[in-house]
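# what's the 3D shape of this:
(4 chains)
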There are 2 protein chains.
Amino acid sequence: MPRRVTIDDVARLAEVHKATVSRALNAQTRDQVNAETLKRVKRAARQLGYVPNAMARGLRTSRSMTIGVIIPDLMNPIFPPIIRGIEHVLQAQGYTVLIANTDSHDDVEISVLESLLQRRVDGFILATGRLDDHTVIDEATAADVPVVLVNRGAGMGGFPLVSGDNAHGIDLALAHLLDLGHRHIVHAAGPLNFSTTRSRAEAFEVAATKAGVEHGTIYASGLTIEAGFDVADQILAGRGRCPTALVAGNDLVALGLIRRLRAEGLRCPEDVSVVGFNDMPFAEDFWPPLTTVHMPLREIGAEAARLLLRGIDAGEQEGVTVTLPVSLLVRGSTAAVGG
Amino acid sequence: MPRRVTIDDVARLAEVHKATVSRALNAQTRDQVNAETLKRVKRAARQLGYVPNAMARGLRTSRSMTIGVIIPDLMNPIFPPIIRGIEHVLQAQGYTVLIANTDSHDDVEISVLESLLQRRVDGFILATGRLDDHTVIDEATAADVPVVLVNRGAGMGGFPLVSGDNAHGIDLALAHLLDLGHRHIVHAAGPLNFSTTRSRAEAFEVAATKAGVEHGTIYASGLTIEAGFDVADQILAGRGRCPTALVAGNDLVALGLIRRLRAEGLRCPEDVSVVGFNDMPFAEDFWPPLTTVHMPLREIGAEAARLLLRGIDAGEQEGVTVTLPVSLLVRGSTAAVGG
DNA sequence: TTGTAAGCGTTATCAG
DNA sequence: CTGATAACGCTTACAA
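Model prediction:
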């Protein structure tokens, strides 16, 4: 197994010193070297198949050109678009994105964080959305690494935050249901330790009260299909009339709701209308096509990346909050009451 | 901005030499150090919040403990489960997974490959599934880095390969449709430069011919909803009768087919049955719930990771092919002909 | 414009 | 069991 070719090998072949090779191969310093030698160095590098060692470089420069992105669950389809947005802006600046899944599990959150810290990421984008994990925030603060939060309601210790306009999304959903004549609406919210849950649930309470309709909120155990399924169970088990419309904490919960309702012989939207949240990929292909609040996921990711870059370059961060506009996508899961 | 704490700082506080700290902190060498000193070192490390520098370590050991996973498109929902399978086994061995999206784009494929090579990944898992990009294979071979292929039909230069049993999947799908009385079936295959396309299309041709039914194959321009949409266009535009059943190259294509058919007033499954391939997440939530060939995506990822680990440890690889069993999931998108 | 030399933070080898 | 020392591959003052 032949040792990998190093900058010294290139230098030898090009008959210059390795410092010159370094200068020639870096865009920043390229103009410090003679056009003739530059050509020679480039040729030698190509000929040998030289690939710079990022670890050595990072050790020297103490920048890894790497960004850690921490998400709770890659399987949740809202994350791929967000990641894509992030990668799009970061790759353009020469950064590599390290995606770390926590599986919403505390131990693995700590261990992936550790691993990213060891790799000396130049910044974090934190999309766990949990309210209670100060761990990451604290560690990142201690390590003095810039952080941008995604989809977190309240600013957590002065880090920049980007998210969609949750409250307005709820307002749109409710207005739509009201329009359709619904007067008994339940909010199948996410778990309370998600910040988005809080803002959405509060907005729901306010808007529903103001509208003067019968309403209630049930908190799911997670933002998953299964959790939505369970919430539907509770609704069905509850004595009293069934609501005619449901506002779900996200699209996955909406899906669970619909599945369970259908199993019970209740059709959506004929018997009960359901509106989701996020407009996850494929929301329009579901059965029925989901009426949902569209979140600009890709743009959220991109904006988070931009904010992070700014923080890295500036050497310090300001706790700005960027709230991106949302819209309501009316599809097949909502209909006029009694329709 | 306080300089990060290094192994020397820990050594100073623990009043030992840094070599001892290194030994104390590595599981491999931990037993070479006195229990007393071990405790002291650990305490000092914790007290200072020491986080080992993976770049320095990697430079010294020439192992990055990093695996590069190259996929064409994170937005395709089959990849998250595969990645999860990969991460599950790799993380357990202390590896970090670097996910690289190529967007099915040659330039970015080359640039992400470059970036992974620079970071000195200890191995690659290649899930692009393309038949024509020797680039990655060649570069990896040149760099002498172990590679495992995922979902690629023909073995490409002696690397291990893991995939689902494509031919059998097609057989199952066809047998099901035949059972339902279909006698005119079209295969909406993927693009020809995907290896899976080839195995599936060949199996379809063989099985349909053997069954003696009217059949044909149309190649989509991609494995996407849009491509499926276009194939449906071609089918509808074609003079002559419309087939009563379609076997799609994957679930996304199936979705596109269904969307287009529906726009034309053709219902699925009443007017035309559609079978997908992969059993991607949410396939059961579509409209209609997709009858599809289930691929053990997670297990495919896990197996690929195991194979890679074996190759890394052995220092050389053998070109084994692992074919995982598939099954047919009958849901709502298929029905008896004329039903 | 190019060469020299030091040093980034580890681990491995060799003594003690 | 622990310490000293060199080396991993690169960048960057500084000197020539």
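
# going forward, measure contacts and count neighbours with C-alpha atoms only.
Will do.

# stretch A:308-325 vs chain B: in contact?
No. Using C-alpha under 8 Å from any C-alpha of the partner chain, stretch A:308-325 stays clear of chain B, coming no nearer than 9.4 Å.

# and that stretch, end to end?
For stretch A:308-325, the first and last residues are 20 Å from each other (C-alpha to C-alpha, to the nearest Å).

# so which bits of that stretch are buried?
A:308, A:309, A:311, A:312, A:317, A:321, A:322, A:324 (16 or more other C-alpha atoms under 10 Å in any protein chain shown).

# contact partners for residue A:114?
Residue A:114 makes contacts with residue B:51, as judged by C-alpha atoms under 8 Å, 6 or more residues apart in numbering or on different chains.

# and it, what element?
Per DSSP states H and E, residue A:114 falls inside helix A:106-118.

# next: residue A:42.
helix A:35-48.

# returning to what we had before: need the max-distance pair from the buried residues of stretch A:308-325.
Distance extremes for the buried residues of stretch A:308-325: the farthest pair is A:312 and A:324 at 22.3 Å, using C-alpha to C-alpha.

# look up phi and psi at residue A:105.
Note on residue A:105: backbone dihedrals following degrees, to the nearest 10 are phi -120, psi 130.

# who touches it in this structure?
residue A:72.

# let's see 7 Å
Residue A:105 makes no contacts at all, as judged by C-alpha atoms under 7 Å, 6 or more residues apart in numbering or on different chains.

# likewise residue A:288?
Contact analysis of residue A:288 by C-alpha under 7 Å, 6+ apart lists A:332, A:333, B:287.

# most neighbours, which of those residues?
residue A:333 (25 neighbours; other C-alpha atoms under 10 Å in any protein chain shown).

# that older thread, name the residues that touch the helix or strand just after the helix holding residue A:42?
The element immediately downstream of helix A:35-48 (helix or strand, assigned by DSSP H and E) is helix A:54-61. Here helix A:54-61 makes contact (C-alpha under 7 Å, 6+ apart) with A:64, B:55, B:56, B:58, B:59, B:118, B:119.

# what about 10 Å?
With contact meaning C-alpha atoms under 10 Å, 6 or more residues apart in numbering or on different chains, helix A:54-61 is reached by A:62-66, A:119-120, B:53-60, B:62, B:64, B:115-120.

# just the buried ones from those?
A:64-66, A:119-120, B:53-59, B:64, B:115-120.

# is any part of stretch A:304-320 close to DNA strand D?
No. On the criterion C-alpha under 7 Å from any atom of the strand, stretch A:304-320 is out of touch with DNA strand D, staying 14.7 Å away.

# element containing residue A:276?
In the assignment (DSSP H and E), residue A:276 maps to strand A:273-278.

# pull up the pairing partners for that strand, direction included.
Here strand A:273-278 is paired, per DSSP bridges, with strand A:245-248 (parallel), strand A:291-294 (parallel).

# show me which residues of chain A sit near DNA strand D.
Chain A comes close to DNA strand D at residues A:3-8, A:18-20, A:22-23, A:26, A:51-54, A:56-57, A:59-61, as judged by C-alpha under 7 Å from any atom of the strand.

# can we see that at 10 Å?
Proximity of chain A to DNA strand D, by C-alpha under 10 Å from any atom of the strand, involves residues A:3-11, A:17-29, A:50-63.

# can you map out the helices along chain A?
Under the criterion DSSP state H, chain A contains helices at A:7-14, A:18-25, A:35-48, A:54-61, A:79-92, A:106-118, A:134-142, A:166-179, A:195-211, A:225-237, A:251-263, A:297-314.

# thinking again about what came up before, give the buried subset of the residues of chain A next to DNA strand D as a PyMOL selection command.
Typed into PyMOL, the line below selects the buried ones among these, using 16+ other C-alpha under 10 Å:
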select buried, chain A and resi 4+5+6+7+9+10+11+18+20+21+22+23+24+25+50+51+52+53+54+55+56+57+58+59
